[in-house]
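Trainee: Return a 3D structure for these sequence lines:
(6 chains)
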Number of protein chains: 4
Amino acid sequence: MADQPTRARPGRKRSEESRQAILAAAADLVVEVGYAGLSIEGIATRSGAGKQTIYRWWPTKADVLLDALATKADLHIPVPDEGSYAADLRAFLVASFALGRNPHVVAVLRALMAEAQINADFGDRFRASFIRRRRDALAVILDRASARGDLPPTPRPGTVADIIFGVIWYRLLTTPDPVDRRLADELVATLAGAR
Amino acid sequence: MADQPTRARPGRKRSEESRQAILAAAADLVVEVGYAGLSIEGIATRSGAGKQTIYRWWPTKADVLLDALATKADLHIPVPDEGSYAADLRAFLVASFALGRNPHVVAVLRALMAEAQINADFGDRFRASFIRRRRDALAVILDRASARGDLPPTPRPGTVADIIFGVIWYRLLTTPDPVDRRLADELVATLAGAR
Amino acid sequence: MADQPTRARPGRKRSEESRQAILAAAADLVVEVGYAGLSIEGIATRSGAGKQTIYRWWPTKADVLLDALATKADLHIPVPDEGSYAADLRAFLVASFALGRNPHVVAVLRALMAEAQINADFGDRFRASFIRRRRDALAVILDRASARGDLPPTPRPGTVADIIFGVIWYRLLTTPDPVDRRLADELVATLAGAR
Amino acid sequence: MADQPTRARPGRKRSEESRQAILAAAADLVVEVGYAGLSIEGIATRSGAGKQTIYRWWPTKADVLLDALATKADLHIPVPDEGSYAADLRAFLVASFALGRNPHVVAVLRALMAEAQINADFGDRFRASFIRRRRDALAVILDRASARGDLPPTPRPGTVADIIFGVIWYRLLTTPDPVDRRLADELVATLAGAR
DNA sequence: GAATAAGCGAGACGGTACGTCAAGTCTTCTA
DNA sequence: TAGAAGACTTGACGTACCGTCTCGCTTATTC
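Mentor: Numbers count the residues shown, from 1 in each chain, chains lettered A, B, ... in the order given. Model prediction:
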């Protein structure tokens, strides 16, 4: 089977202590100096790790940050069945907007989306992990609605996702205002119909 | 008397030749080496200008690029009265999507939006120029629809703008696929109603 | 004679006001920021002159400083006949050492001697003006002593000058200590004999 | 325990290869382009070293040159006992003058003395290393003469040093002529008496 | 009195080098 | 073999001045 216990290799094992120190240092530093001011060198110094140790495990500072975010913040979006498409959608939006209330998380997300534009390799990783996971979560809701026959013919599911994530990211990227409940209501009304 | 023809200042005049050379070099280089590989130093070398000349007139490489974009590409969105809200909206979307078909323009827009996240000062300038101008163009259409009594109560105009620009930017930033006419139709149907 | 009144040329005359302002600014600035920190740009700004005006009349900042020194400080060394070689020599040394008591003058002289090493063209000008004039003054004393039959056969006059100016410059360039009367006495005793 | 073999520090060791390349490049370049045309940037390029490597180990280009001089040229002045003060002095002068016959060494010494005037920090280092070492060498001779009772009461030892180094430096700094044996004889006669 | 000819302050220009920062790699010692 | 330390080459940063080149304006001489 593919999942052999990976034949324990010789040599010292990866230090979990270092890993945590590096992720913590990255998370702290990005708050203190901003993403532009963040550097591998700075993370190494702050965490007490050697630069090589960081380069061994993460390709860029954005990957460190993405790892720190996944480790620290709870990015999991639960999609319990709320009984109707509209209710499911509202629950999803409210849960998503909650993340937007933590300014540190927002700052990191903006930086990661920015890096994804500038560095194509990181962009692939970011899309494959963060972006795709979010779309998958929403897809569960849309599939459920479809099975229920609850889904309007227009817009198509893919476009619904584009609209929802589009609005969230657009506000994240262009305004300092937090997204609010009223916006959630408008989106539900627009997408799930006035029922 | 107010508005005198700005009392000619002493000193040598700004060189339009240099300005053009710098903008052209920036536009060329970003295609060749990408935004991450773009540098003030490179622009200076390629354009034959001194670095100081660039720093004198633009604060960052992103500002040079924004200027180059505004000078070269036609970013103006016309908003002629097409007779109805739905028709106006469709025209606006089609015109906007057209920009998305030029890969060079798309690449620059992604880079500028990225820079806007990383550099707060440039973010302010980018929002105040590019982002705001686009919203203003759309506002004309929304005002016209409102005057006509053509505007649905939900979503509010601000949210309509968030949805439209949200979808455009989200697709720009997360997929290599060009936006297409079908997406425009779906958005019109969703926002202007199936009337 | 060669010195025709140079057929008055047309055009505006050199501004004596500017000249004075430039020399004064240079003299002030070298005290404030030191020779290394002195710049043509700085002199222009401080004096209210244009850079071109400075470049029109002086080739380097050292030349400005040399001019300022000649204009401001009294660099003339009187060589009155004191009756004997020893007395003449002592008078010359005392007068020379007096200059060394003004720290501003000392600082400028050190800078000019330094520049003369680094910039060969200025070196020629410095030697032809300052250095040579000082040697000429001393030569008057040595000629007088020679005519009197007062001059020891060793060292030769040229070497006497080398010793005297050598000691003065060496102390100027390598120690912060001011030269003093005792040194003058020792030199006179050594060079004019114990008579 | 004092003087342990300096407990081997972690980290990569200083590259002797780089050091040599930098000193050689500096020595070569100063000949080719002169001290004014010498730059850290140029030394880095020529030597194949990074600028940072130079800045890590030397504060200024003058320090690089001083190091190159000490490494390359034999600046050591031997002071063997020649039997008498006059003989010792003559030997010292002849050995010193020999250095003055190498135009490259002369050019560097002039530049270093110049830099010492312009940059106070380097001045301290230059005096503490080069200047002081030379005076110490001469002091050995003067002490020996004093012990022998061979030393005239005037001039004092300090003044003898001022005269000797004064003449050497003055000629170095103000004339292109090499110092010669005849000058040595005159100085010996003047300072050690005609005995 | 017009034309011509400097000189002037201002300031933009193409350059060169500065000294710094960080990148990513390499080497050494220790766990 | 991993990790901390730290030196290495590389490349760009943003700044300071260099010396030159327009500008518009002022002051002089010449026709």
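Trainee: Look through chain A and state the residue closest to chain C.
Mentor: Relative to chain C, the nearest point of chain A is A:G37 (30.5 Å; CB to the nearest CB). Yep, even glycine has a C-beta here, placed from its N, CA and C like the rest.
Trainee: okay, now that residue: neighbour count?
Mentor: Burial of A:G37 is recorded as 11 neighbouring residues (other CB atoms under 10 Å in any protein chain shown).
Trainee: Around the nearest residue to it once chain neighbours are set aside, how many other residues sit close by?
Mentor: Nearest non-adjacent residue to A:G37, counting by CB to CB, 6 or more residues apart in numbering or on different chains: A:L29, 7.9 Å away. Using other CB under 10 Å, A:L29 has 22 neighbouring residues.
Trainee: what residue ranges in chain A are flagged as low confidence?
Mentor: A:1-10, A:194-195 (pLDDT under 70).
Trainee: Could you chop it up by domain?
Mentor: Listed domain ranges for chain A are A:16-60, A:85-192 (source: automatic domain parsing).
Trainee: Start and end of the longest one, how far apart?
Mentor: As for domain A:85-192, its first-to-last residue distance stands at 7 Å under the measure CA to CA, to the nearest Å.
Trainee: what's downstream of the helix ranked longest in chain A, the next helix or strand?
Mentor: Secondary structure of chain A per DSSP state H: the longest helix is helix A:16-37. Using DSSP states H and E, the helix or strand that follows helix A:16-37 in sequence is helix A:40-47.
Trainee: Name the SS class of A:P80, please.
Mentor: coil (DSSP: H, G, I helix; E, B strand; the rest coil).
Trainee: pretty sure it contacts A:A87?
Mentor: No. The criterion here is CB atoms under 8 Å, and A:P80 misses it with A:A87 at 10.0 Å.
Trainee: So which residues of chain A form strands?
Mentor: Using DSSP state E, chain A contains no strands.
Trainee: quick one on the thing from earlier: more neighbours: A:P80 and A:A87, which one.
Mentor: A:A87 (15 against 9).
Trainee: The closest residue to A:A70 other than its chain neighbours and B:Y170, how far apart?
Mentor: Nearest residue to A:A70, sequence neighbours excluded (CB to CB, 6+ apart): A:S129, at 7.9 Å. Between A:S129 and B:Y170 the computed distance is 17 Å (CB to CB, to the nearest Å).
Trainee: For those two, indicate the residue with more neighbours.
Mentor: Using other CB under 10 Å, the more surrounded residue of A:S129 and B:Y170 is B:Y170, with 22 against 15.
Trainee: show me the residues around the more buried one that make contact.
Mentor: If you count contacts by CB atoms under 8 Å, 6 or more residues apart in numbering or on different chains, B:Y170 has them with A:D162, A:F165, A:G166, A:W169, A:Y170.
Trainee: any chance of these in TSV, with distance to D:G193 too?
Mentor: Converted to TSV, the contacts of B:Y170 look like this (distance: CB to CB, whole Å):
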residue	distance to D:G193
A:D162	103
A:F165	100
A:G166	100
A:W169	95
A:Y170	96
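Trainee: Mind checking which of these are in helices?
Mentor: Using DSSP H, those in helices are A:D162, A:F165, A:G166, A:W169, A:Y170.
Trainee: And the residue of chain A that's closest to DNA strand F?
Mentor: Nearest residue of chain A to DNA strand F: A:G11, at 2.3 Å (CB to the nearest atom of the strand).
Trainee: Go ahead and flag the most central residue of chain A.
Mentor: A:F130 (4.3 Å; CA atoms, centre = their mean).
Trainee: And that residue, how far from B:W169?
Mentor: In terms of CB to CB, A:F130 sits 17 Å off from B:W169.
Trainee: Ok, A:R171 next?
Mentor: For A:R171, the distance to B:W169 - CB to CB - is 10 Å.
Trainee: any chance you could map the helices in chain A?
Mentor: With DSSP H as the criterion, chain A has helices spanning A:16-37, A:40-47, A:51-57, A:61-72, A:85-99, A:103-118, A:120-126, A:132-148, A:157-174, A:181-192.
Trainee: Sweet, I'm off.
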